[in-house]
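>>> Pasted the sequence and its predicted model underneath.
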Amino acid sequence: MRYRTLGNTGLTVSEIGFGTIPILSGNVPVLPDYCSPALPEAVDILMHAYRLGCNFYDTAIPEEYGDAEYKLGVFAEKVGREHIIISDKARFMDGNDMFREVQRSAENLGTAPDIYFVHQVDEKNQDETFSRYGALDALCDLKKAGIIRYTGIATHYYSVAERAAADSRVDVIQTSGNIMERGIMDRIAENDLFRGKGLILNKVYAAGCLIGAFQPSELIGGVLHWPFSCALIGIGTMEQADAALKSDYAPQHFSFSDVTERLAESFAPIACTRCQRCTCPQGYEVHILLRQYNYYHLGKSYWAMKKLRMNIAEVYESCRRCTDRRCMKTCPQKLRIPELIELIYNMTR
Ligand code: SF4
Ligand code: SF4
């Protein structure tokens with residue numbers, strides 16, 4: 001295992017971290033398959049990862065990650081709290097709510113987390129999160145009080161990550177990226193604003209979608225060049241822990257066309273990098289719809305179809321009537337977005 005520094009926090013973290021979604025039990029709306037190990041088995045898997053050099057463990061409140069927080073707490077006591085770094089998160093943007101959730105997390109874990117993230121900050125809820133008395137202010141107060149050590153923002157949006165990078169209250173940013181959905185991390189790598197912030201990467205396997213077309217070694221090796229501190233891999237079995245943690249993977253180079261060509265062996269992928277440079281005056285999030293199309297063909301058909309049916313008909317009608325087509329003007333991939341929306345709409349009928 002190699003280790004990297006976590007921005008300016010002074011922490012040293014393992015290059016690969018343990019994402020706890022797969023060890024949860026419960027019925028929560030998370031995307032990846034989870035393995036539901038019972039408590040003793042879950043603790044054994046967490047301990048196995050620790051012995052392979054993993055010192056970073058990421059979880060979330062029960063509404064989001066079931067009983068993962070509790071299982072992680074039992075492991076923390078067993079391994080010795082001082083040997084690991086725990087990050088936790090909650091999707092609450094109001095300061096009072098966040099204050100309460102951190103206390104609840106500490107009770108569930110049996111120890112205070114080191115880093116606490118405002119989870120799923122997006123373009124709609126970011127103003128509340130960053131506002132006076134918002135969730136970020138609450139985390140700062142908890143940090144000053146010595147209850148948590150570092151504050152964090154977790155987001156799948158580049159614009160939010162950039163706002164967090166410019167905000168001195170934020171210590172650590174968690175965002176997503178993999179060899180297919182590389183747009184956010186490529187932008188972060190080019191932007192000096194992010195230097196000095198701790199950066200945690202998730203969705204390296206694209207919620208499991210890329211496993212099959214690619215080996216774990218390729219998916220991990222293919223992202224190592226990015227300036228993150230720790231890449232989280234969801235782990236729910238001993239075998240998954242071995243695959244993610246046992247080797248010091250060498251960096252590998254995959255061009256975007258290498259990736260799409262590999263995927264094209266089983267379906268015709270939409271070549272969207274999820275860079276989020278496309279803007280729509282109607283506020284439609286094109287990158288999410290294009291992602292669902294790819295995820296549909298990569299084995300998440302039920303989940304993707306459910307999400308797409310929420311608004312694809314409305315987006316299709318709007319795109320059909322749209323004369324401005326602003327989204328296409330800023331797409332580096334030169335994607336013909338309205339035609340792709342029609343393709344996706346027809347797929348859902
Ligand atoms: S074609 Fe028009 S309505 Fe459709 S996503 Fe692009 S800008 Fe928005
Ligand atoms: S459609 Fe184009 S601009 Fe929009 S996220 Fe995809 S690659 Fe980026």
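Okay, I see it. Ligands and ions are numbered 1, 2, ... in the order given.

>>> Gln120 falls within a helix, correct?
No: according to DSSP: H, G, I helix; E, B strand; the rest coil, Gln120 belongs to no helix; its state is strand.

>>> What's the local residue count around it?
Residues near Gln120, counting by other Cβ atoms under 10 Å, number 19. C-beta: built from backbone N, CA, C; applies to glycine.

>>> looking at this, Asp117 is in a strand?
In this structure residue 117 is Phe, not Asp. Yes: counting by three-state DSSP, Phe117 is found in a strand.

>>> if I pick it, what's in contact with it?
Shown in contact with Phe117 (Cβ atoms under 8 Å, 6 or more residues apart in numbering): 87-90, 152-154, 172, 174.

>>> cutoff 6 Å now
89, 152, 154, 174 (Cβ atoms under 6 Å, 6 or more residues apart in numbering).

>>> Kindly report the same for Glu101.
Residues near Glu101 by Cβ under 6 Å, 6+ apart: 61, 90, 92.

>>> Among those, which lie within strands?
Secondary structure from DSSP state E places Ala90 of the contacts of Glu101 in strands.

>>> What residues of whichever strand or helix holds Asp242 count as buried?
Assessed by DSSP states H and E, Asp242 sits inside helix 238-245. Within helix 238-245, the residues scored as buried using 16 or more other Cβ atoms under 10 Å are 240-241, 243-245.

>>> go on, stretch 265-272?
Buried residues in stretch 265-272, defined by neighbour count with 16+ other Cβ under 10 Å: 269-272.

>>> Also stretch 177-196?
Within stretch 177-196, the residues that count as buried by 16+ other Cβ under 10 Å are 177-188, 194.

>>> Show me the subset of these that also lies near ligand 1.
Near ligand 1, judged by Cβ under 6 Å from any ligand atom, there are no entries from the buried residues of stretch 177-196.

>>> export those to CSV and tack on pLDDT?
Shown next, in CSV, are those (pLDDT from 0 to 100):
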residue, pLDDT
Gly177, 97
Asn178, 98
Ile179, 97
Met180, 97
Glu181, 97
Arg182, 97
Gly183, 97
Ile184, 97
Met185, 97
Asp186, 97
Arg187, 98
Ile188, 98
Phe194, 97
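
>>> Just the closest of the residues you listed to ligand 1, please.
Ranked by distance to ligand 1 (Cβ to the nearest ligand atom), these are led by Gly183 at 16.6 Å.

>>> What segments of the stretch 201-349 of the chain are helices?
Assigned by DSSP state H, counting those that start in this stretch, the stretch 201-349 of the chain shows helices spanning 216-221, 238-245, 256-263, 286-297, 301-308, 312-321, 326-329, 337-348.

>>> Mean pLDDT and distance to Lys203 added to those, as CSV?
Formatted as CSV, these follow (pLDDT from 0 to 100; distance: least, Cβ to Cβ, whole Å):
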stretch, mean pLDDT, distance to Lys203
helix 216-221, 95, 10
helix 238-245, 95, 14
helix 256-263, 97, 14
helix 286-297, 96, 10
helix 301-308, 91, 14
helix 312-321, 96, 22
helix 326-329, 96, 23
helix 337-348, 96, 21
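
>>> Ok, which of the ones you listed comes nearest ligand 2?
The minimum distance between ligand 2 and the helices of the stretch 201-349 of the chain falls on helix 286-297, with 3.7 Å, by Cβ to the nearest ligand atom.

>>> ok, now which ones touch Pro269?
Residues near Pro269 by Cβ under 6 Å, 6+ apart: 260, 263, 294.

>>> Would you confirm that the first one contacts Ala271?
In this case it means Thr260. Yes: assessed by Cβ atoms under 6 Å, Thr260 is found in contact with Ala271 at 5.2 Å.

>>> any idea of the pLDDT on Asp33?
With respect to pLDDT, Asp33 has a value of 69.

>>> now swap in Ser25 and tell me
pLDDT for Ser25: 86.

>>> Number of residues surrounding the nearest residue to Tyr50 once chain neighbours are set aside?
Counting by Cβ to Cβ, 6 or more residues apart in numbering, Tyr50 lies nearest to Val79, which is 5.5 Å off, once chain neighbours are set aside. Val79 has 17 neighbours, counted by other Cβ under 10 Å.

>>> Using PDB, list the CA coordinates for the helix holding Asp242.
Taking Å, rounded to 0.1, in the frame of the first residue of the first chain, the C-alpha atoms of helix 238-245 are listed here in PDB:
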ATOM      1  CA  MET A 238     -12.600 -10.600   1.400                       C
ATOM      2  CA  GLU A 239     -12.100 -11.200  -2.300                       C
ATOM      3  CA  GLN A 240     -13.100  -7.600  -3.100                       C
ATOM      4  CA  ALA A 241     -10.600  -6.400  -0.400                       C
ATOM      5  CA  ASP A 242      -7.800  -8.400  -2.000                       C
ATOM      6  CA  ALA A 243      -8.700  -7.100  -5.500                       C
ATOM      7  CA  ALA A 244      -8.600  -3.500  -4.300                       C
ATOM      8  CA  LEU A 245      -5.800  -3.500  -1.700                       C
END
